[in-house]
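*Asks:* Please work out how this folds:
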Amino acid sequence: MNVRIVLALLTIILVGAYIGTVWGPSSIPPVPRIVQPSPDAPPEVAALSGVWEGLGPDALPTRLVVEDVHDRWATVVYTWGDHPEGKFYRGWLRVRAVVFPGGKLFWRHPGEFVFQLSDDWTTLVGKREQGGKTAASLMRRVPAGIALSALGTEEMQERNSGWVR
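*Replies:* Presented below is the predicted three-dimensional model:
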């Protein structure tokens, strides 16, 4: 009787691990599908479209791809690199963000993410709040060809040296 219970539990664990491995999210982000903003989109909203990269806390490399932006919503892919101290590994998520006037993106997953376009439209200031903690990041637009490279901490630090301290 006990052997059957142990075998049943092991089967459930193995099947769950297999499903999580095969059907779980990949650590490799999808190829960006950037769609040209509508000509009647507000200029500051259209300026969000494209690929943005920067560094967050602990020199964590981050990327935000605004794939499809409209006056009230946008499809974005948010990517982060490996934590320098091994606290977590690289990953990504694709979400539908709310677009606010003035070039602001907002979504929840997990925590609350806010990305605000600077007045000169050259940088995005990001903020993530979760569990009473706030993490900030500063991103700049990068050409799509460069942005498709893998997120690597050394690569990001070299590219961004001089503007993130």
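*Asks:* What distance do you get for the residue nearest the centre of the chain to Ala97?
*Replies:* Geometric centre of the chain, nearest residue: Tyr78, 1.4 Å, by Cα atoms, centre = their mean. Here Tyr78 is placed at a distance of 9 Å from Ala97 (Cβ to Cβ, to the nearest Å). To be clear about C-beta, it is placed using only N, CA and C from the backbone, and glycine gets the same treatment.
*Asks:* my guess is Val35 contacts His70, does it?
*Replies:* No - using Cβ atoms under 8 Å as the test, Val35 is too far from His70 to be in contact (9.6 Å).
*Asks:* Common neighbours of those two, please.
*Replies:* Shared contacts of Val35 and His70 (Cβ atoms under 8 Å, 6 or more residues apart in numbering): none.
*Asks:* what's the weakest-modelled helix or strand in this structure?
*Replies:* Ranking every helix and strand in the chain by mean pLDDT, DSSP states H and E puts helix 153-160 at the bottom, with a mean of 44.
*Asks:* show me what contacts the residue nearest to the centre of the chain?
*Replies:* 62-64, 92-95, 113.
*Asks:* For the protein, which segments count as helices?
*Replies:* Secondary structure of the chain, counting by DSSP state H: helices at 2-23, 43-46, 144-147, 153-160.
*Asks:* hey, least reliable of those helices by pLDDT?
*Replies:* With a mean of 44, helix 153-160 has the lowest mean pLDDT of the helices of the chain.
*Asks:* Save the contacts of Tyr78 as TSV, and put in pLDDT and distance to Gly50 too.
*Replies:* Putting the contacts of Tyr78 into TSV (pLDDT from 0 to 100; distance: Cβ to Cβ, whole Å) gives the following:
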residue	pLDDT	distance to Gly50
Thr62	92	15
Arg63	94	11
Leu64	95	9
Trp92	93	17
Leu93	93	18
Arg94	95	16
Val95	96	17
Phe113	96	18
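*Asks:* Most neighbours among the residues you listed, which one is it?
*Replies:* Using other Cβ atoms under 10 Å as the neighbour test, the contacts of Tyr78 are led by Leu64, with 25 neighbours.
*Asks:* quick one: that residue and Ala74 touch, right?
*Replies:* No - counting by Cβ under 8 Å, Leu64 does not reach Ala74; the two are 10.1 Å apart.
*Asks:* can you pull up the bridge partners for Phe113?
*Replies:* Phe113 has the following beta-bridge partners by DSSP bridges: Trp107, Arg128.
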